[in-house]
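Chemist: pasting the sequence and the predicted coordinates here, then a few questions.
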Amino acid sequence: MRGLSRRSSRLADSSIMADSGLWVGILTALTALGASYITARATSRAALVQARTTTTAEALREQRDRRRSTYREMMDCAHAFNEVTWQIDDVDAARDRESKDRLLTQMYERIGPAIGAMNRATHEVRLDGPAEVSAAAEQVRQMARRV
């Protein structure tokens with residue numbers, strides 16, 4: 001009987017050992033699954049943050065480029081307007097009435113389109129902002145209208 005009980009005892013011990021191995025395997029698998037889930041969530045969050053950052057940077061770059069273009073156009077229009085008004089010195093320097101009339105006619109023909117272009121450019125600056133730049137562009141436009 002003792003031989004049978006030892007054999008049963010050995011079977012029970014190996015059964016416990018097998019059960020322990022099974023539990024260790026299950027715990028290892030669950031740990032791997034949990035770690036994989038946590039890693040996937042962290043990777044997903046990092047990708048989302050990177051996408052948002054990239055989108056924001058691109059939007060800011062586009063805004064900066066658009067504003068530069070708009071401001072450059074406003075400056076070009078102000079310069080074109082000034083080129084027309086600077087002709088007044090040529091009018092004053094002209095000796096005869098015909099030359100003065102011809103120069104004044106040229107100024108008159110060019111000043112309307114120059115003011116129109118400045119009005120459009122001012123409107124574009126107003127749309128692109130910021131408020132301080134819009135106010136400065138409006139001040140330039142108002143000064144040009146007084147000429």
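Modeler: It's in.
Chemist: what average pLDDT does the helix or strand where A59 lies get?
Modeler: Taking DSSP states H and E as the definition, one finds A59 inside helix 2-85. Mean pLDDT, helix 2-85: 83.
Chemist: what about that helix, distance to the chain center?
Modeler: 24 Å (CA atoms, centre = their mean, to the nearest Å).
Chemist: for it, name the packing helices and strands.
Modeler: helix 97-128, helix 131-145 (3 or more CB pairs under 8 Å, 6 or more residues apart in numbering; DSSP states H and E). In this view, the C-beta of every residue, glycine as well, is placed from N, C-alpha and C.
Chemist: and those as TSV, adding mean pLDDT, distance to A35 and mean neighbour count?
Modeler: Shown next, in TSV, are the helices and strands packed on helix 2-85 (pLDDT from 0 to 100; distance: least, CB to CB, whole Å; neighbours: other CB atoms under 10 Å):
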stretch	mean pLDDT	distance to A35	mean neighbour count
helix 97-128	91	50	15
helix 131-145	88	52	14
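Chemist: closest one to M74 among those helices?
Modeler: helix 97-128 (4.2 Å; CB to CB).
Chemist: any idea of the angle the closest one forms with helix 2-85?
Modeler: 160 degrees (axes from the mean of the first three to the mean of the last three CA atoms, to 10 degrees).
Chemist: what is the orientation angle of helix 97-128 with helix 131-145?
Modeler: 160 degrees.
Chemist: so what's M107 up against?
Modeler: Residues counted as contacts of M107 (CB atoms under 8 Å, 6 or more residues apart in numbering) are V84, T85, Q87, I88, V91.
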